[in-house]
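S.K.: I would like the atomic coordinates for the input below:
(chains A, B, C and D)
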Number of protein chains: 4
Amino acid sequence: MGGPSLNNESMTRPQAQDRAAYAHFSTTTTRWMDNDMYGHVNNVTYYSYFDTAVNTYLIDAGVLDIHAGQVIGLVIETHCNYFAPLSFPKPVEAGIRVAHIGKSSVRYEIGLFEAGEPLSAASGHFIHVYVDRETRRPVHLPEAFVQALTRLQLPA
Amino acid sequence: MGGPSLNNESMTRPQAQDRAAYAHFSTTTTRWMDNDMYGHVNNVTYYSYFDTAVNTYLIDAGVLDIHAGQVIGLVIETHCNYFAPLSFPKPVEAGIRVAHIGKSSVRYEIGLFEAGEPLSAASGHFIHVYVDRETRRPVHLPEAFVQALTRLQLPA
Amino acid sequence: MGGPSLNNESMTRPQAQDRAAYAHFSTTTTRWMDNDMYGHVNNVTYYSYFDTAVNTYLIDAGVLDIHAGQVIGLVIETHCNYFAPLSFPKPVEAGIRVAHIGKSSVRYEIGLFEAGEPLSAASGHFIHVYVDRETRRPVHLPEAFVQALTRLQLPA
Amino acid sequence: MGGPSLNNESMTRPQAQDRAAYAHFSTTTTRWMDNDMYGHVNNVTYYSYFDTAVNTYLIDAGVLDIHAGQVIGLVIETHCNYFAPLSFPKPVEAGIRVAHIGKSSVRYEIGLFEAGEPLSAASGHFIHVYVDRETRRPVHLPEAFVQALTRLQLPA
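M.R.: Sure, this is the predicted structure:
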């Protein structure tokens, strides 16, 4: 849920970001039950938009097969800052970028925008470690995977 | 979802915590649909355990009335590190502590333990700003509320 | 989750329906966590598509204000038959129709279609009773509301 | 969400049931996000209690291995009638019984009770077809499975 301004925090406080901060966008519809008792999308649900935006990109790029692929992504860290509320029935536009590509891990950064808004309602990240589906041990990222990720990196 | 070890990260990497790191515990049951395609509780769902543990404590302490109270908590930041998987049907024990009490904001830290395990499967935090239900402007934390929070602070 | 054929049931067994059986369509995106351990959208989640399709229609028609309207819909009965699996990341097309308009209750019938498919993957219904937001007592359906519902009725 | 009385329906209208109508009980905790904008558990979420109660029974009875077992249950029909609201933070007690055991299908009937209440807040059913995990074709119910189910049947 989006929050009000705090007037007692430092200059390092996280800030909403604009659309140019993200490399790829997709739209997710909201659901009636996304809204909680206080009338806006529950903070938990934002992370399902994160997961969905990144996994959809990887599936569409042909580098992730969630049903049968040998390499799957496990989440080891997630984070989100909430700047403004989102609410059903308005759709959410999710921007993604890749901030770091390791040997077997990737840091994805995500901004969620209410449809048409210039600044993110929430911004966050998650870190995936890619593992073998059976052994659950980290694997080196396949080359095609790295190529798909590289397209999500912004120019420095 | 719990993750494997990474061998390329710094010493500041987040670590699982033991039960003594938390001031209050409650148990939440898991659900069939908490498990995702990879067979463990989805990373998103951990945050619903966070929300539930803290709100239940506040309701039981008599300082939060989610239906009619004038002061409600809005989430402005959430974070979680995942150390080991949780899975339906095993229940989850949630430990909570309060790390910071501001004029109108509170930082809650939460550890999720598989029933009987000594180390947290995940640890994280969220920051609540308490606002007026109608105006959604920050309010000073009521005295009874601060007292309930103080009981969740660990000795330095 | 969609199910296989049973060979020991009567001729009255529910059947998948085609698109002509519904009066209005909308599209909902699926989410990573909609898929359960068996790899398809969990049976529970179908009902969130039902709720979302009907409430979105009513909001768009200008007859339901979920935040401040005096009349809200409470669900007293839900039902669904599952014919074929749905799966993230494919979107779902939800067809709706109104089967019965009472003094204060409405029976909505819904079919969920995988994008592009001619037959419903699932078909079901729910019954809403419209009540006063405060007293939670049934109210007569407002005239504009009845008009919006009438547009969802199919010719006999 | 629970509903108000309707005064224009027939004598065949579904009725709340008492605890003697169920063969086995388990308790599930509710979650903050289970409550929707209208302040009570969303109608969709009741079905996650259904799924959880039945699968937990089968796992505890040693006849269902959701991770590796060769036989899994797919849902082909679900139904629920709502008589009274349930709300976070109160736990829910789920009663289950088996109404029909076919060659490969089972009809489970479930009642959800607010903790301590004599009558069900909701009653419903779902039908599972048991299939081979790989082929997804119906299989004959294993003998141990039938025995576990028989213990959920009430005397006629």
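S.K.: Return the distance of the strand or helix carrying residue A:144 from the chain's centre.
M.R.: Using DSSP states H and E, residue A:144 sits in helix A:143-150. Centroid separation for helix A:143-150 versus its chain: 17 Å, with C-alpha atoms, centre = their mean, to the nearest Å.
S.K.: what about it, near chain C?
M.R.: No - Helix A:143-150 is not in contact with chain C by C-beta under 8 Å from any C-beta of the partner chain; minimum separation 15.1 Å. C-betas here are computed from N, CA, C, even on glycine.
S.K.: which helices and strands does that helix pack with?
M.R.: helix A:43-60, strand A:92-101 (3 or more C-beta pairs under 8 Å, 6 or more residues apart in numbering or on different chains; DSSP states H and E).
S.K.: next SSE after the last one?
M.R.: Translated: strand A:92-101. strand A:105-114.
S.K.: in that following strand, what counts as buried?
M.R.: A:105-106, A:108-114 (16 or more other C-beta atoms under 10 Å in any protein chain shown).
S.K.: Would you reformat those residues as JSON lines and include distance to residue C:148 and pLDDT?
M.R.: Putting the buried residues of strand A:105-114 into JSON lines (distance: C-beta to C-beta, whole Å; pLDDT from 0 to 100) gives the following:
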{"residue": "A:105", "distance to residue C:148": "51", "pLDDT": "97"}
{"residue": "A:106", "distance to residue C:148": "47", "pLDDT": "98"}
{"residue": "A:108", "distance to residue C:148": "41", "pLDDT": "98"}
{"residue": "A:109", "distance to residue C:148": "42", "pLDDT": "98"}
{"residue": "A:110", "distance to residue C:148": "36", "pLDDT": "98"}
{"residue": "A:111", "distance to residue C:148": "35", "pLDDT": "98"}
{"residue": "A:112", "distance to residue C:148": "31", "pLDDT": "98"}
{"residue": "A:113", "distance to residue C:148": "30", "pLDDT": "98"}
{"residue": "A:114", "distance to residue C:148": "25", "pLDDT": "97"}
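S.K.: okay, those in JSON lines with distance to residue C:74 next?
M.R.: Listed next are these as JSON lines, based on distance: C-beta to C-beta, whole Å:
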{"residue": "A:105", "distance to residue C:74": "47"}
{"residue": "A:106", "distance to residue C:74": "45"}
{"residue": "A:108", "distance to residue C:74": "40"}
{"residue": "A:109", "distance to residue C:74": "41"}
{"residue": "A:110", "distance to residue C:74": "35"}
{"residue": "A:111", "distance to residue C:74": "36"}
{"residue": "A:112", "distance to residue C:74": "30"}
{"residue": "A:113", "distance to residue C:74": "33"}
{"residue": "A:114", "distance to residue C:74": "28"}
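S.K.: related to what we said a few turns ago, chain D: which of the helices and strands packed on helix A:143-150 is closest?
M.R.: helix A:43-60 (5.7 Å; C-beta to the nearest C-beta).
S.K.: Can you say which of the buried residues of strand A:105-114 are also within reach of chain B?
M.R.: Among the buried residues of strand A:105-114, the ones lying near chain B by C-beta under 8 Å from any C-beta are residue A:105.
S.K.: Name the nearest of the buried residues of strand A:105-114 relative to chain B.
M.R.: residue A:105 (6.2 Å).
S.K.: Please report the distance of the closest residue in space to that closest one that isn't next to it in sequence from residue A:100.
M.R.: Nearest non-adjacent residue to residue A:105, counting by C-beta to C-beta, 6 or more residues apart in numbering or on different chains: residue A:129, 4.7 Å away. Residue A:129 sits 12 Å away from residue A:100, going by C-beta to C-beta, to the nearest Å.
S.K.: go on, residue A:49?
M.R.: 21 Å.
S.K.: Who has more neighbours out of the two?
M.R.: Neighbour comparison, residue A:49 and residue A:100: the larger count goes to residue A:49, with 27 against 13 (by other C-beta atoms under 10 Å in any protein chain shown).
S.K.: rewinding a little: what are the buried residues along the helix holding residue A:144?
M.R.: A:145, A:148-149.
S.K.: Can I get it as CSV, trimmed to CA atoms?
M.R.: Taking C-alpha atoms only, helix A:143-150 is exported to CSV below (Å, rounded to 0.1, in the frame of the first residue of the first chain):
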residue,chain,number,x,y,z
GLU,A,143,24.7,-18.0,-22.8
ALA,A,144,21.3,-17.3,-24.4
PHE,A,145,20.1,-16.4,-20.9
VAL,A,146,22.9,-13.8,-20.5
GLN,A,147,22.0,-12.4,-23.8
ALA,A,148,18.4,-11.9,-22.9
LEU,A,149,19.5,-10.3,-19.6
THR,A,150,21.9,-8.0,-21.3
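S.K.: contacting residues around it?
M.R.: A:57-58, A:61-64, A:71, A:98, A:101, A:106, A:130, A:141 (C-beta atoms under 8 Å, 6 or more residues apart in numbering or on different chains).
S.K.: Considering those, which possesses the most neighbours?
M.R.: Neighbour-wise, those (other C-beta under 10 Å) top out at residue A:57, 24 neighbours.
S.K.: Neighbours of the residue lying closest to residue A:108 once chain neighbours are set aside, how many?
M.R.: Distances taken as C-beta to C-beta, 6+ apart place residue A:54 nearest to residue A:108, at 5.1 Å, with adjacent residues excluded. As a burial measure, residue A:54 scores 26 neighbours (other C-beta under 10 Å).
S.K.: Phi, psi for residue A:40 please.
M.R.: The phi and psi values for residue A:40, taken as degrees, to the nearest 10, are phi -130, psi 170.
S.K.: isn't it right up against residue A:90?
M.R.: No - Residue A:40 lies out of contact with residue A:90 (C-beta atoms under 8 Å); the separation is 10.6 Å.
S.K.: hang on, the earlier thing: pull the most distant pair out of the contacts of helix A:143-150.
M.R.: A:62 and A:101 (17.8 Å; C-beta to C-beta).
S.K.: quick one: stretch A:17-29 near chain C?
M.R.: Yes - using C-beta under 8 Å from any C-beta, stretch A:17-29 reaches chain C at A:27-29.
S.K.: Pull out the buried residues from these.
M.R.: Judged by 16+ other C-beta under 10 Å, buried ones among the residues of stretch A:17-29 next to chain C: A:28-29.
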